[in-house]
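Q: Sequence first, then the predicted structure, then my questions.
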Amino acid sequence: MKDEPVSMSRNDRDMPVPRGVGLTRREELGVSSWDLAVLAATVVIAVAVPLEVVRGPLEERWLQIVSLVASLLFAADILNRFSRPVVVGGRPVTERAVVQRRYLRRWFVIDLLAAIPFDLIATVPGIAGTGAASVLRVFALLRVLRVARMLVLQREWRVRTSFNPAVLRLAFFAFWISMVAHWIACGWIALDGPASGHPELSPYQQSLYWAITTLTTVGYGDITPFGRSQVAYAMTVMALGAAMYGYIIGNVASLIANLDVMRSRHLGRMETMNHFMRDRRVPRELQARVRDYFNYAWESRMGQQSEILADLPESLHIEIALHLNRNILRKVPLFERASETFLRELVLYLEPRVAMPGETIVRRGEMGRRIFFINRGRVEVLSPDESVTVATLSEGSFFGEMALLSSEPRSNTVRALDYCDLYVLGREEFDKVLEAFPEFAAEVRRVADRRRSESEPRS
Ligand code: CMP
């Protein structure tokens, strides 16, 4: 078999191949427990190593253990990565040669550097205290690079998981800001920055405080830079802070506005509609009804389905529609004994629609173009002179079938008694369904005949 091209496209992933059916949250994230452990070690190293580099050799025993365990995990992860399947261009690739070549070209060097415990080696008797130990400690900073894997995860999770993308972005945003503040604080310690400032705080606390006040462009000035290197460092952090501030202002506002995308869409539509109605001097009472309609459609989650699902291929569209319309499929006795094939055909055509109390849904004498199924609420069928209620129909019933079957005008006016959630089937789709499923057609005809005889004036 021909080798897969080793592409570097943005869609390439280093993730386990997804299992597809019955995804748990973890599978959806594409990370195993092993990955999570390695990831945690990566973050710990990214925090601990810069700190120990600026504070001097590793003295605390537990830090040495953490560093060693992380190294072992990273080493085992390298071996693991040489054999585990990856996703390239959306397709899983299991061929070892491809997987290995791809890994060697991309992450191997960074992973290897992270796996070498430079900081620990610097504490080995014979090396500790020599110039080599200082060099090794600086090399240990290379271990931090592995945290760049978080960037890949961030990109992946945004498109592959059901987490709210805005929440995810905010969470990663907070993570990176904390990381950067920590690294900047470490740099400040290295430059002896904490010498001026608050003696009651530990050097790290002072540095972190300085890093955050400078990054956020607050800069109280209670800790000030002395000497060339500190001033240069402070200027760089200020510039970085200004850039970050701009980024935050630019992004966080839109992120927060988009926390609930559907809601902001709804509000946007309401605003446009309100503006339009005011502009065209629509009577206030009618305006209020329009707003009621929009609000109810939003709250009952009955709107916007078709426009969102339009981009999906038919098979997925059917799956989602089956899920969304399961209520109505369960409620309408007509569908109870229907076959899976019938339901799959039907859900594609059903369109949700809401009706407000008192709204005339079907008017006597009009040409019929739709049949309605009631998911929630009640409607009344009025007598020809609209003075008497002939019948009240509720959840699970349908109406509007007579005009479609006989091609005659609507026999009666039908009016909503409550807020109604309806599903509508257009004439063409109704005819298609009747043709394909004679049992359904017979049942609808039977109901229509019964209703006609009930409505006919008795002599
Ligand atoms: P259609 O004639 O298309 O429009 C009015 C609808 O009211 C009609 O189809 C039936 O679905 C419904 N309808 C008419 N008479 C009755 C009745 N007696 N009981 C229940 N529903 C009816």
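A: Happy to help now that I have it.
Q: C-alpha from now on. contacts and neighbour counts both.
A: Noted.
Q: What residues does this protein have near the ligand?
A: Residues of the chain that fall close to the ligand, judged by Cα under 6 Å from any ligand atom: 368, 381, 390-391, 399-403, 410-414, 451-452, 454-455.
Q: Go through those and flag which are in helices.
A: In this view, the residues of the chain next to the ligand that belong to helices under DSSP state H are 401, 402, 403, 451, 452, 454, 455.
Q: Return the members of the residues you listed classed as buried.
A: 401, 402, 403 (16 or more other Cα atoms under 10 Å).
Q: Would you convert those residues into CSV that also reports distance to residue 333 and pLDDT?
A: Shown next, in CSV, are these (distance: Cα to Cα, whole Å; pLDDT from 0 to 100):
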residue, distance to residue 333, pLDDT
401, 15, 94
402, 18, 94
403, 21, 94
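Q: Residue 197: which of those residues is nearest?
A: For these, the residue nearest residue 197 by Cα to Cα is residue 401; the value is 82.4 Å.
Q: after the helix or strand that contains residue 252 comes which helix or strand?
A: Element membership of residue 252 [criterion: DSSP states H and E] is helix 227-257. Note on helix 227-257: by DSSP H and E, the next helix or strand toward the C-terminus is helix 261-279.
Q: So which bits of that following helix are buried?
A: Counting neighbours by 16+ other Cα under 10 Å, helix 261-279 gives 266, 270, 273, 274, 277 as buried.
Q: Packing partners of it?
A: helix 284-299 (3 or more Cα pairs under 8 Å, 6 or more residues apart in numbering; DSSP states H and E).
Q: if we go to 10 Å?
A: Applying 3 or more Cα pairs under 10 Å, 6 or more residues apart in numbering; DSSP states H and E, we find helix 261-279 packed against helix 227-257, helix 284-299.
Q: quick one: which of those helices is nearest residue 360?
A: Nearest of the helices and strands packed on helix 261-279 (Cα to Cα): helix 284-299, 13.3 Å.
Q: now the closest one against helix 261-279, angle please.
A: 170 degrees (axes from the mean of the first three to the mean of the last three Cα atoms, to 10 degrees).
Q: If we go by neighbour counts, what in helix 284-299 is buried?
A: In helix 284-299, counting by 16+ other Cα under 10 Å, buried: 287, 290, 291, 293, 294, 296, 297, 298.
Q: Ok, stretch 387-398 next?
A: 390, 393, 394, 395, 396, 397, 398.
Q: With mean pLDDT and distance to residue 317 as new columns, can the helices and strands packed on helix 261-279 be given to me in a markdown table?
A: Output for those, formatted as a markdown table (pLDDT from 0 to 100; distance: least, Cα to Cα, whole Å):
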| stretch | mean pLDDT | distance to residue 317 |
| --- | --- | --- |
| helix 227-257 | 88 | 28 |
| helix 284-299 | 88 | 21 |
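Q: Which parts of the stretch 301-450 of the chain are strands?
A: 351-355, 360-362, 370-376, 379-382, 389-393, 398-399, 413-416, 420-426 (DSSP state E, counting those that start in this stretch).
Q: weakest of those strands by average pLDDT?
A: Sorting the strands of the stretch 301-450 of the chain by mean pLDDT places strand 351-355 lowest, at a mean of 88.
Q: Contacts for it next, please.
A: Contact partners of strand 351-355, identified using Cα atoms under 10 Å, 6 or more residues apart in numbering, comprise 293-294, 296-298, 300-306, 321, 325, 361, 372-377, 379, 415-426.
Q: count of residues packed around residue 364?
A: 20 (other Cα atoms under 10 Å).
Q: what's near enough to touch it?
A: Here residue 364 is in contact with 381-386, 403, 409-414 (Cα under 10 Å, 6+ apart).
Q: Tell me the spacing between residue 445 and residue 406.
A: 10 Å (Cα to Cα, to the nearest Å).
Q: Which one's more surrounded, those two?
A: Applying other Cα under 10 Å to residue 445 and residue 406 shows that residue 445 carries more neighbours, namely 16 against 12.
Q: Spatially nearest residue to that one, not counting backbone neighbours?
A: Closest residue to residue 445 apart from its sequence neighbours, by Cα to Cα, 6 or more residues apart in numbering: residue 405 at 7.5 Å.
Q: I'd say the one you found and residue 368 touch.
A: Yes. Contact criterion Cα atoms under 10 Å: residue 405 and residue 368 qualify, at 9.4 Å.
Q: which of the two has more neighbours?
A: residue 368 (23 against 17).
Q: which ones are touching the spatially most central residue of the chain?
A: Central residue of the chain (Cα atoms, centre = their mean): residue 164, 3.5 Å from the mean position. With contact taken as Cα under 10 Å, 6+ apart, residue 164 is in contact with 158, 258, 259, 260, 261.
Q: Just the pLDDT at it, thanks.
A: The model's pLDDT for residue 164 equals 80.
Q: any idea how far residue 449 is from it?
A: From residue 164 to residue 449 the distance is 51 Å (Cα to Cα).
Q: Likewise for residue 319?
A: 34 Å.
Q: same check, this time on residue 373
A: Residue 373 is 18 Å from residue 449, by Cα to Cα.
Q: For those two, indicate the residue with more neighbours.
A: Shown here are residue 373 and residue 449; by other Cα under 10 Å, residue 373 has more neighbours (25 against 13).
Q: Wait, the more buried one touches residue 398, no?
A: Yes. Between residue 373 and residue 398 there is a contact under Cα under 10 Å: 4.3 Å.
Q: shared neighbours, these two?
A: 332, 422, 423, 424.
Q: Of these, which is the nearest to the ligand?
A: residue 424 (12.5 Å; Cα to the nearest ligand atom).
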